[in-house]
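>>> sequence first, then the predicted structure, then my questions.
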Amino acid sequence: MTDRFQNQWEYLAKKDAYWAVLTDDNYTSNRWDQEAFFNTGEQQIESVFARLETLSATPDYGAALDFGCGVGRLTRALSKRFKHVVGSDMSASMLTEAKRVNGDFKNITFAQNSPGKLDTVSEDALDFIYSIIVLQHMPKQRQAVFIRAFCRALKPGGILQFQALSHRHINTARDLLAVITPEPIKSTWRIITGKAHTDMEMHTFRQQEIVELLAQEPVDLLAHWPDHAAGPRFSSYTYVVRKRRAPPNAH
Ligand SMILES: C[S@@+](CC[C@H](N)C(=O)[O-])C[C@H]1O[C@@H](n2cnc3c(N)ncnc32)[C@H](O)[C@@H]1O
């Protein structure tokens, strides 16, 4: 059985998977050039590792996870650094396209996870987990489930980098309405307007609450900073976390 979010991403992936991943107004209606699209992934990953180096947080280059991989824009770039990369997504259509266009990258495995569960990787298995513009599309409670699961999936010493929206800026009456309307009313409105299976939903999770969640996990938050991942309407943050190693004398 699929859930609402899975239905939405199936719809979006079938309509235009590349635009659904990078919603640039210049590239609507299947107009993304594949080379330009995948180049954005190379540039993104290049800057991620430059920043990790400045934080003395470069991971071992063994196993990595690209969570919410879409068509593999970042998975492909990660595969050039890591021995093996899993690209995990809940959308079968995204994964079909990811496999089609990344067949030459033999160290990538694409796998479908359940919408509310990280069931594609084992615990203590990964040197690096990366996830951007993914958690923002699921409710806060689900984001929390995945962030905790990421912490479990890391090897001791492994690095997690993810992005999430902290809050919506209120500049217009529409923004105010989006903030004050309770989620059940928004859901009903989507059904009434026929958008329940087509919307690209945006969800926030306050930066301070994420910091508090991470403090309950066996990880150290190395850094977090505001980013521009979701444009001017939202305050967005990137988090870099390292899983603690057991003390040398621990059994
Ligand atoms: C905007 S795209 C980003 C893709 C990729 N991270 C990138 O930057 O190229 C969001 C992706 O997250 C996936 N996604 C959303 N919720 C998910 C969930 N619960 N589990 C796995 N993937 C999810 C969607 O199917 C979609 O492919």
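Right, received. Where do you want to start? The shown structure was predicted, so the numbers you read here are calculated from the model rather than taken from an experiment.
>>> what about the top strand by length along the chain, near the ligand?
Of all the segments of type strand in the chain, defined by DSSP state E, the longest one is strand 154-168. No. Judged by C-beta under 6 Å from any ligand atom, strand 154-168 makes no contact with the ligand; its nearest approach is 9.3 Å. Every C-beta, even on glycine, is put in place using the N, C-alpha and C of the backbone.
>>> helices or strands next to that strand in the packing?
helix 34-54, strand 126-131, helix 140-153, helix 173-180, helix 207-215, strand 219-227, strand 234-243 (3 or more C-beta pairs under 8 Å, 6 or more residues apart in numbering; DSSP states H and E).
>>> and if we set it to 7 Å?
For strand 154-168, the elements it packs on are strand 126-131, helix 140-153, helix 173-180, strand 234-243, judged by 3 or more C-beta pairs under 7 Å, 6 or more residues apart in numbering; DSSP states H and E.
>>> which stretch in these has the least confidence?
For those, mean pLDDT drops lowest on helix 173-180, to a mean of 84.
>>> CA atoms of that helix as PDB?
In PDB, the C-alpha atoms belonging to helix 173-180 read as follows (Å, rounded to 0.1, in the frame of the first residue of the first chain):
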ATOM      1  CA  ALA A 173      -0.800  36.700   3.800                       C
ATOM      2  CA  ARG A 174      -0.400  33.300   2.000                       C
ATOM      3  CA  ASP A 175       2.800  32.600   4.100                       C
ATOM      4  CA  LEU A 176       0.900  33.400   7.300                       C
ATOM      5  CA  LEU A 177      -2.000  31.100   6.300                       C
ATOM      6  CA  ALA A 178       0.500  28.300   5.500                       C
ATOM      7  CA  VAL A 179       2.000  28.700   9.000                       C
ATOM      8  CA  ILE A 180      -1.200  29.000  11.000                       C
END
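>>> going by contacts, tell me the helices and strands next to that helix.
In this structure, helix 173-180 makes packing contacts with strand 154-168, judged by 3+ C-beta pairs under 7 Å, 6+ apart.
>>> and H197, how many residues sit next to it?
Neighbour count of H197, defined by other C-beta atoms under 10 Å: 17.
>>> got it, and D124?
Number of residues near D124 (other C-beta under 10 Å) recorded here: 12.
>>> and if you look at the one 4 residues further on?
Other residues within reach of F128 by the criterion other C-beta under 10 Å amount to 27.
>>> show me what residue of the stretch 151-251 of the chain gets nearest to the ligand.
M200 (7.8 Å; C-beta to the nearest ligand atom).
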